[in-house]
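Novice: have a look at this prediction, sequence included:
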Amino acid sequence: MKKLFRLLAVCTFCMVMFAAPAGAEEAEFDEAYYGRFRGAGISINVFNWGEYISDGSDDSLDVNAAFEEVTGITVNYATFATNEELYSKLKGGGARYDVIIPSDYMIARMIREDMLEPLDFSNLPAFANIDEKYLDPEYDPGNLYSVPYTAGTVGIIYNTGSVDEPVDSWGILWDERYTGDMLMFSNSRDAFGIAEKYLGYSLNATDPNELRACAELLKGQKPLVQAYVMDEIFDKMVAGEAAIAPYYAGDYLTMSESNADLAFAIPKEGTNLFVDAICIPKGAQQKEAAEMYINFLCEGRVAADNITYIGYSTPNQAAFALLDEEIQNNPVSYPPDELLENTEPFLALDEETGRLMDQLWTEVLTTDQSYNKWLMPVFLIVAVAFSIGITIARRRRKIRDTLR
Amino acid sequence: MKLHTRLASVPYLLWVVVFTIIPLLLIIVFAFTGTDGGFTIENISAVGRYTDVIMKSIWLAAIATGVSLFLGYPLAYIISRHSARQQNVSLMLIMLPMWMSFLLRTFAWMTLLEKTGVINRLLGLAGLGPFELINTSGAVVLGMVYNYLPFMILPLHSVMVKIDASVIEAAQDLGASPLRVFFKVVLPLSMPGISSGITMVFVPAVSTFIISRMLGGGSNLMIGDLIDMQFLGNAYNPHLGSAISLVLMVIILLCMSIMNQFDDDVDVEGVLR
Amino acid sequence: MKRKSSALSRIYTAVIMAFLYMPILVLIVLSFNQNKSRGAWTGFTFDWYRKLFTNRLILGAFVNTMIVALVSSVAATLIGTAAALGIHTMNKWMKKAVRMLTYIPIMSPEIIMGVSLMLLFVFVRTELGVPLELGLLTLILSHITFNIPYVIFNVLPKLRQMDSYAYDAALDLGCNPWQAFYKVILPEIMPGITAGFLMAVTYSLDDFVISYFTAGPTSQTLPLAIWGQLRRRVSPEMNALSTIIFVVVLVLLLVSNLSSMRRERRGRKAVRL
């Protein structure tokens, strides 16, 4: 046991040594504020989307390591793939998280279900950096629970090598010429959002008939879809595995760095304009340290480096001012207002609609026309053959035993 | 004195009760209660909606089990006829891949099967393809066979080494054709290995959610995916998840009782050693 | 006739082995690929092996994995060995019942074990108010649960093979029960204990499904870290680490096999002399 501890000590030591260079710009941060918990052995659990923070790869800033360096607080960092997964993990109640970053509609739902802790803004001086445009949003009236982290749109990413027509409508996702060359969201809200916009409904439709119509549309799309994915899309689009996929604008920028053939379009039917914001869930045990982490993410320099890595749009004015001009003028990250005319934010659905959507989505994923017809008969035949086999085997054994 | 050693198993029995029995009972309790905590059979009847998924899981797992048996049986036989040292080496070679993370090996299959993957590129050199290999139910079956084939070979081998070569020789000397020798001697004697091999492959195959998600492209859902979705995935509902788990347990119990018909005692110990 | 069939069987064995090792080859090749994306080969590099040792996430997960595997295997070995001693002295009926209990964790699908343990931990936390968060502790408890049966099923056969009078003889010769246990029983069952322990370590190191349901944000293990990466791309460092693990295991197995071979040869020589 002692040896084990010694081994552990050596390992942590190594990690600290290696982590050291990351936080070189220490002097920039207010030691009186950030130094409060130094040496207290505090750790916070951060739960964020995958690929949603600058992590030190490709010479970027390692945000978590820098925070640990500046404050002496340990960060346990874990990732999720969809808002719904985050919700399940929180609702399940097995684990404690101190900082989470859900999207707008999920924040509204969590507020409704009393899952979030109100923030203490006197402990968040850097909140002043947030652009007024993003304050007092519909999902969190008065900004009591959340601090905007990123914003963006959903659009169609396509490979100009195999798609030579202009892309301007969600309709291309139902175009049979691209059968097997198409990826699709694997989370219900985004997938239904596309169908809703294509059919001209609101993104927050609550009419069961409208939702059913969307589900039918999505079922019709299924034979064309190669795979339902979330972040797997990065590798697949970069490698040319698929030609068309709807995804988030910011991630398109990351992909286009590795594959120049990729292009991005916001469909004319309109799309979703989302905001992801930082919150503290109920039950967090290190609320003050968590607020410190949120504040750190809002520091202009950190937010600028972070957003450059992520590729999404920043709601942080101080950070925006620090960005390269090229990024500031990028129409994908910061689209001109006329492109955003048709956009709509996601709002929290009432419980019943939410459940109906989940159920319909599972139905979409599990329809498999090619199987229904002959699966049952085959299964029955196998079962019958099995039981016949068993009786024969048994009878044989009996005969053998009696002969003996 | 005897009493004393019997007491040695008390910590274990307590452990089993707390960490195996009670959790399984919790699944049953959850399956029969609603979100308000009252008794309901709504969850169980809701599982009916997913009959397609359940059937498909059983079907894919059954194919994978059949293919594993078909591939594994000859190999187990070949190995069992070697000298003891060669047998050790062969078994070691079969076990060795399991030391590489199961997730990474399945991930490697993605690299092999993709449209721009290794296999399609090699076929492309020969002027064939590209074929749609990944994101199909065939890919899921392949992943299952790949991951669980050793679980088929090991129990088969452990039974086959026990078959005395002189029994086979005796049958041959008595004029039996190779086919007859196989059906009359080797096959009946290896029956216990077959039945435990089938269980060892079928059970993990029917309940997997990783293979179907990685190689099935998100549209080849299996029972495991449904359960995961209800607990940690997109549609949070642990009560429905428990109900589906309960159905999965029943399916597996059925499968095992069928296998038990062939052989009174599934030889788990033989497999483990 | 005989030679022909052996050539055929050699080819067959080679084909199956190729099937088993192809993905591993892919991973090893990828660990030397300059390109971060697995799509293209852009050149040979050792960079990932160097970067591996500065990757906090992977090293942290590696340490967690080792802690969980070692602690849970040691605990499982202690509890399991004691349990085997107890079971050995039980009467036939009780023995059968306890063996049935012990089969449950081995034969039930991992996903059900994981889900049910998660329900238990959440229940204990939310209903009983015990501050037990999903984390290292729950992970270790879960691993102990699925490790104990492997120990029991490895130790029980050794107890059965043991001369049942040896223990009584030791007592008659003036040993107290503890001495008798240490001097007579323990050496006899030691191979079983070691095998059970090693098996527990192996299963614990590579377990994903049960860990997936019972781990928390503070207890990422290697398989969980790999799963996190699989959603986008597996970093080549991960391939590098598993290549290292694979090579280490391969070397260990080769060494142990070679030394046993040498011992065998020496033994044969001695006989000839």
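Specialist: Looks like it arrived, so ask away.
Novice: in the one helix or strand residue A:209 maps to, which residues are buried?
Specialist: Using DSSP states H and E, residue A:209 sits in helix A:208-221. Neighbour-count burial for helix A:208-221, counted by 16 or more other CB atoms under 10 Å in any protein chain shown, picks out A:210, A:211, A:213, A:214, A:215, A:217, A:218, A:219, A:221. Any C-beta I mention is one placed from the backbone N, CA and C, and that applies to glycine too.
Novice: in stretch C:126-138, what's buried?
Specialist: C:132, C:133, C:134, C:135, C:136, C:137, C:138.
Novice: list of residues touching the helix holding residue A:209?
Specialist: Contact partners of helix A:208-221, identified using CB atoms under 8 Å, 6 or more residues apart in numbering or on different chains, comprise A:173-174, A:184, A:191-192, A:195-196, A:198-199, A:201, A:205, A:353, A:356-357, A:360-361, A:363-364, A:367.
Novice: what's the closest of the buried residues of helix A:208-221 to residue C:220?
Specialist: When the buried residues of helix A:208-221 are ranked by distance to residue C:220 (CB to CB), residue A:218 comes first, at 34.4 Å.
Novice: so what's the gap between stretch A:210-224 and the chain middle?
Specialist: 23 Å (CA atoms, centre = their mean, to the nearest Å).
Novice: that should have said stretch A:273-281, apologies.
Specialist: 11 Å.
Novice: quick one: that stretch near chain B?
Specialist: No: using CB under 8 Å from any CB of the partner chain, we find that stretch A:273-281 stays clear of chain B, coming within 14.7 Å at best.
Novice: so which of the contacts of helix A:208-221 are in helices?
Specialist: Among those, DSSP state H puts A:191, A:192, A:195, A:196, A:198, A:353, A:356, A:357, A:360, A:361, A:363, A:364 in helices.
Novice: show me what contacts residue 252?
Specialist: I'll assume chain A. A:155, A:157, A:262, A:264, A:311, A:332 are the contacts of residue A:252 under CB under 8 Å, 6+ apart.
Novice: chain B, not that one
Specialist: So residue B:252 contacts B:203, B:206, B:207, C:107, C:108, C:109 (CB under 8 Å, 6+ apart).
Novice: recalculate using a threshold of 10 Å.
Specialist: By CB atoms under 10 Å, 6 or more residues apart in numbering or on different chains, residue B:252 lies in contact with B:199, B:202, B:203, B:206, B:207, C:107, C:108, C:109, C:112.
Novice: which SSE is the third one in?
Specialist: In this structure, residue B:203 sits in helix B:191-206 according to DSSP H and E.
Novice: give the other helices and strands that whichever helix or strand comes after that helix contacts.
Specialist: For helix B:191-206, the following helix or strand on the C-terminal side (DSSP H and E) is helix B:210-216. Using 3 or more CB pairs under 10 Å, 6 or more residues apart in numbering or on different chains; DSSP states H and E, the elements in contact with helix B:210-216 are strand A:225-229, helix B:51-80, helix B:102-113, helix B:137-160, helix B:223-231, helix C:222-230.
Novice: burial count for the residue of the stretch 151-273 of chain B found nearest chain C?
Specialist: Using CB to the nearest CB, the single residue of the stretch 151-273 of chain B nearest to chain C is residue B:207, 3.4 Å away. Residue B:207 is flanked by 24 other residues according to other CB atoms under 10 Å in any protein chain shown.
Novice: isn't it up against residue B:255?
Specialist: No: with contacts counted by CB atoms under 10 Å, residue B:207 stays clear of residue B:255, the gap being 11.0 Å.
Novice: for the two, list the residues in contact with both.
Specialist: By CB under 10 Å, 6+ apart, the residues touching both residue B:207 and residue B:255 are residue B:61.
Novice: for residue A:211, give its distance to residue A:360.
Specialist: Plainly put, residue A:211 is 6 Å away from residue A:360 if you go by CB to CB, to the nearest Å.
Novice: could you find the closest non-adjacent residue to residue C:76?
Specialist: Nearest in space to residue C:76, with sequence neighbours left out and distances taken as CB to CB, 6 or more residues apart in numbering or on different chains, is residue C:147 at 3.5 Å.
Novice: looking at the stretch 1-150 of chain B, which residue is nearest chain C?
Specialist: For the stretch 1-150 of chain B, CB to the nearest CB, closest residue to chain C: residue B:9, 2.6 Å.
Novice: quick one, phi/psi of that residue?
Specialist: phi -90, psi 0 (degrees, to the nearest 10).
Novice: what's the neighbour count on it?
Specialist: Residue B:9, neighbours per other CB under 10 Å, totals 24.
Novice: secondary structure element holding the closest residue to it other than its chain neighbours?
Specialist: Nearest-residue entry for residue B:9: residue C:86, 2.6 Å, with adjacent residues in sequence omitted and distances by CB to CB, 6+ apart. According to DSSP H and E, residue C:86 maps onto helix C:56-88.
Novice: following that helix, which helix or strand comes up?
Specialist: helix C:92-107.
Novice: was I right about residue A:72 contacting residue A:37?
Specialist: Yes: applying CB under 10 Å as the test, residue A:72 and residue A:37 come out as touching, 6.2 Å apart.
Novice: state the mean pLDDT of stretch A:256-273.
Specialist: For stretch A:256-273, mean pLDDT rounds to 91.
Novice: cool, stretch C:28-43 as well?
Specialist: 82.
Novice: any idea how far apart the tips of that stretch sit?
Specialist: End-to-end span of stretch C:28-43 (CA to CA, to the nearest Å): 14 Å.
Novice: where does the chain have low pLDDT?
Specialist: Because you didn't say which chain, this covers chain A. Under the criterion pLDDT under 70, the flagged ranges of chain A are A:1-27, A:368-380, A:383, A:387, A:404.
Novice: my bad, the chain I had in mind was chain B
Specialist: Using pLDDT under 70, chain B drops low at B:1-4, B:261-273.
Novice: from the centroid of it, which residue is nearest?
Specialist: residue B:201 (2.3 Å; CA atoms, centre = their mean).
Novice: quick one: it and chain A, what's the gap?
Specialist: 16 Å (CB to the nearest CB, to the nearest Å).
Novice: ok, residue C:148 next?
Specialist: Taken as CB to the nearest CB, the span from residue C:148 to chain A is 20 Å.
Novice: let me see the contact set for that residue.
Specialist: Per CB under 10 Å, 6+ apart, neighbours of residue C:148: B:11-12, B:15-16, B:19-20, C:72, C:75-81, C:83-84, C:102, C:105, C:196, C:200.
Novice: just to revisit the earlier point, now do the helix holding residue C:86, average pLDDT.
Specialist: Here the average pLDDT along helix C:56-88 is 93.
Novice: could you pull out the helices for the stretch 101-250 of chain C?
Specialist: Ranges of helices within the stretch 101-250 of chain C are C:110-126, C:136-161, C:164-172, C:177-180, C:186-206, C:209-214, C:222-230, C:236-272, based on DSSP state H, counting those that start in this stretch.
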